[in-house]
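>>> Sharing a model that was predicted from the sequence below.
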Amino acid sequence: MTEPLTQSPAESVAQSPAEPATGPEPAPPARRDRALTALRRVPGRLRSLPPWSALAAGVLAGGLLGAGYGLVSTARYTATSYVVAVPTDQSDPASALGFAQAYGRVATQLAVLGDAQMWAHVPVATLERSVRTATSPDAPMVSVTATSADPEEAADMANAVARALTKHADASADDTHVELRQFARATEPTESSSPSAAVTGLVGASAGGLLGGLALLVRPRRTGREPGRTAAAVPGPASAADGRGQL
């Protein structure tokens, strides 16, 4: 009597039917494809916004940019010194007024600024960038204005240029018969002359509102018909036979 054949566990495992192979899972969409799809939807979403959205966005963006600029920009301080032209006994006030105009033009020249740098303790290039002069058509006076991030340096630069200009005028007083005298010294400013964050924010909001209004004006009109509204039927012209029949 034959005994039934027995299989070892290894053979039974080897002879077990193979599991059906599953296909590869579909790969998720790439980030670039999703970005392109989102960009294609942007024009439609923008067209669905109300017309005043461009104006509001411009005001908001301009205000934020302006306020940010006011916060991160360096504060500037301004100091002003005044010198006055005085005629001598051999001259008249009209000559003093004319020479005051001339001295106002030469105050920022290299000959004057070269002497002023010794008292201001700054290079000539800094004086050229930071010092401005102004004259009056009615009074023989010259104002020397200096601007700097340091209030003390601003006052020193204004006084140094005024002092150098006075010395140059005194050197030629025998020929011009006009003397320059210091009328008021520049004092150290206590408040900055640069606009605050609130002011720059208002300026930015105004500029942004203007750009938003321009964008609103050039925005293309909607040509599509509103949903649920049908075009009005226009009656056609009556034929001549219909007209004779009605008569």
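Received, thanks.
>>> Which strands and helices lie in contact with the longest strand that the chain contains?
For the chain, the longest strand by residue count, based on DSSP state E, is strand 77-87. Judged by 3 or more C-beta pairs under 8 Å, 6 or more residues apart in numbering; DSSP states H and E, strand 77-87 is in contact with helix 93-106, strand 141-148, helix 151-171, strand 178-184. For glycine as for every other residue, the C-beta is placed from the backbone atoms N, C-alpha and C.
>>> quick one, which of those is nearest to S193?
strand 141-148 (7.0 Å; C-beta to C-beta).
>>> May I have the strands that pair with the closest one, each with its orientation?
Strands that pair with strand 141-148, judged by DSSP bridges, come out as strand 77-87 (antiparallel), strand 131-135 (antiparallel).
>>> Could I get the ones you listed in a markdown table, plus columns for distance to R163?
A markdown table is the format used below for these (distance: least, C-beta to C-beta, whole Å):
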| stretch | distance to R163 |
| --- | --- |
| strand 77-87 | 9 |
| strand 131-135 | 12 |
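>>> winner for burial among those?
strand 77-87 (a mean of 21; mean count of other C-beta atoms under 10 Å).
>>> Dump that strand to PDB, keeping only the CA atoms.
Taking Å, rounded to 0.1, in the frame of the first residue of the first chain, the C-alpha atoms of strand 77-87 are listed here in PDB:
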ATOM      1  CA  TYR A  77      18.400 117.000   9.800                       C
ATOM      2  CA  THR A  78      18.700 120.500   8.300                       C
ATOM      3  CA  ALA A  79      20.500 123.500   9.700                       C
ATOM      4  CA  THR A  80      20.700 127.000   8.200                       C
ATOM      5  CA  SER A  81      23.200 129.900   8.700                       C
ATOM      6  CA  TYR A  82      22.700 133.400   7.300                       C
ATOM      7  CA  VAL A  83      25.200 136.000   6.200                       C
ATOM      8  CA  VAL A  84      24.300 139.600   5.100                       C
ATOM      9  CA  ALA A  85      26.100 141.900   2.600                       C
ATOM     10  CA  VAL A  86      26.800 145.300   4.100                       C
ATOM     11  CA  PRO A  87      27.900 148.200   1.800                       C
END
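>>> okay, the strands paired with strand 141-148 in TSV with distance to Q101 and mean pLDDT next?
Formatted as TSV, the strands paired with strand 141-148 follow (distance: least, C-beta to C-beta, whole Å; pLDDT from 0 to 100):
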stretch	distance to Q101	mean pLDDT
strand 77-87	9	92
strand 131-135	5	93
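>>> still on that earlier bit, tell me the angle the longest strand of the chain makes with helix 151-171.
Here strand 77-87 runs at an angle of 20 degrees relative to helix 151-171 (axes from the mean of the first three to the mean of the last three C-alpha atoms, to 10 degrees).
>>> okay, the angle between strand 77-87 and strand 178-184?
Using the same axes, to 10 degrees: strand 77-87 against strand 178-184 is 140 degrees.
>>> and T200, how many neighbours?
20 (other C-beta atoms under 10 Å).
>>> I'd like to know how far A162 sits from T135.
13 Å (C-beta to C-beta, to the nearest Å).
>>> Please identify every residue contacting each of the two.
V142 (C-beta atoms under 8 Å, 6 or more residues apart in numbering).
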